[in-house]
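J.: return atomic coordinates for the entry below.
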Amino acid sequence: FLFVTMQIRSAPLNLQVKWKGKLIEIHVDENTTVKNVFEEVEKQTNVPFSKQKYSPSVLRVNDQDKQLFTIKFFAQNKNDTVKLLMIGTPTPDPSTIIDSPISKNVSKNPSSPNSKKEPVEETLEYSELCLNVKNSIDTINKLVVQLSQDIDKNSNCVNANKLKKMKLCWTEKLTQTQLKLDAIHFPEDLPQHERQVLRKLRKETVLLAEKLIVKVES
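T.: Next comes the predicted model:
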């Protein structure tokens with residue numbers, strides 16, 4: 001007979017959940033449940049339970065009553081700090097939508113001959129610092145678009161095992177793009193208007209990657 005001894009962790013640990021540049025720290029003990037984590041993350045990000053996706057995929061909505069230390073990933077983890085990436089879109093704040101400059105511009109008649117057209121971003125001249133960061137974001141965006149095309153092309157694969165492997169590969173690559181986007185550094189001396197443009201470009205790519213991950217895992 002072969003006896004295998006598995007060391008189950010019971011000591012407290014710190015759980016770090018990363019989401020769009022925000023780091024959420026949660027103290028975990030033997031009584032902490034999956035629901036506790038989802039609730040704390042929702043409280044700090046405004047992302048509802050149903051829209052929270054984690055990488056690695058160790059926390060699931062259907063396991064709300066599970067204690068974290070009964071999950072193999074946490075029970076056998078030897079580190080004092082465990083890091084997860086959360087992907088999800090927060091519920092929009094109605095007051096923000098009403099008061100935003102975008103909603104005010106929409107209320108105007110865009111077809112009016114007297115209305116002034118907003119300058120197109122591509123026609124503006126950017127600093128070299130801005131262009132360097134923009135090129136990094138564009139490179140990642142192209143990768144996400146390529147993954148999107150690959151997903152559309154192969155998502156109806158009849159071979160279940162092959163499709164499962166492709167889904168794992170897609171999820172891993174999309175998660176990596178999220179991490180790369182999050183790691184992009186904006187120089188401190190970058191002008192405010194350029195910073196806003198770059199944030200917008202990065203956010204668009206992040207949202208596209210999030211939608212694809214949800215599509216793959218659905």
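J.: what strand or helix carries residue 14?
T.: strand 13-19 (DSSP states H and E).
J.: pull out the buried positions in that strand.
T.: 13, 15, 17, 18, 19 (16 or more other C-beta atoms under 10 Å). (Glycine included, C-beta is placed from N, CA and C.)
J.: contacts only, for residue 183.
T.: Listed by C-beta atoms under 8 Å, 6 or more residues apart in numbering, residue 183 has no contact partners.
J.: who does the most centrally placed residue in the chain bridge with?
T.: Per C-alpha atoms, centre = their mean, the C-alpha nearest to the average position across the chain is that of residue 87, at 3.4 Å. Here residue 87 shows beta-bridge partners residue 53, assigned using DSSP bridges.
J.: I'd say it and residue 211 touch.
T.: No: using C-beta atoms under 8 Å, residue 87 is not in contact with residue 211, being 9.7 Å away.
J.: send the alpha carbons of the strand holding residue 14 over as CSV?
T.: Listed next in CSV are the C-alpha coordinates belonging to strand 13-19 (Å, rounded to 0.1, in the frame of the first residue of the first chain):
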residue,chain,number,x,y,z
LEU,A,13,-3.1,34.0,4.9
ASN,A,14,-3.5,37.2,2.9
LEU,A,15,-5.5,37.1,-0.4
GLN,A,16,-4.6,39.8,-2.9
VAL,A,17,-7.1,40.4,-5.7
LYS,A,18,-5.9,42.5,-8.5
TRP,A,19,-8.5,44.4,-10.7
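J.: summarise which helices and strands that strand is packed against.
T.: Counting contacts by 3 or more C-beta pairs under 8 Å, 6 or more residues apart in numbering; DSSP states H and E, strand 13-19 packs against strand 22-28, helix 34-45, strand 81-87.
J.: just the buried residues of the longest one, please?
T.: If I follow you right, that is helix 34-45. Going by 16+ other C-beta under 10 Å, helix 34-45 has these buried residues: 34, 36, 37, 38, 40, 41, 42, 45.
J.: and the fifth one, how far from residue 47?
T.: In this view, residue 40 and residue 47 are 11 Å apart by C-beta to C-beta, to the nearest Å.
J.: what do these two both touch?
T.: In contact with both residue 40 and residue 47: no residue, using C-beta under 8 Å, 6+ apart.
J.: thinking again about what came up before, identify the neighbouring strands of the strand holding residue 14 in the sheet and state each direction.
T.: strand 22-28 (antiparallel), strand 81-87 (parallel).
J.: what's that strand in contact with?
T.: Contacts of strand 13-19 (C-beta under 8 Å, 6+ apart): 23-28, 37, 41, 45, 47, 54, 68, 74, 77, 79-88, 182.
J.: run the chain-centre distance for it.
T.: 14 Å (C-alpha atoms, centre = their mean, to the nearest Å).
J.: next one: phi and psi at residue 55?
T.: Main-chain dihedrals, residue 55, degrees, to the nearest 10: phi -130, psi 120.
J.: from what I can see it touches residue 171, true?
T.: Yes: assessed by C-beta under 8 Å, residue 55 is found in contact with residue 171 at 7.2 Å.
J.: would you mark the buried spots in stretch 166-177?
T.: Neighbour-count burial for stretch 166-177, with 16+ other C-beta under 10 Å as criterion, is recorded at 166, 167, 170, 171, 173, 174, 175, 177.
J.: nearest residue to residue 143 other than its sequence neighbours?
T.: residue 177 (6.0 Å; C-beta to C-beta, 6 or more residues apart in numbering).
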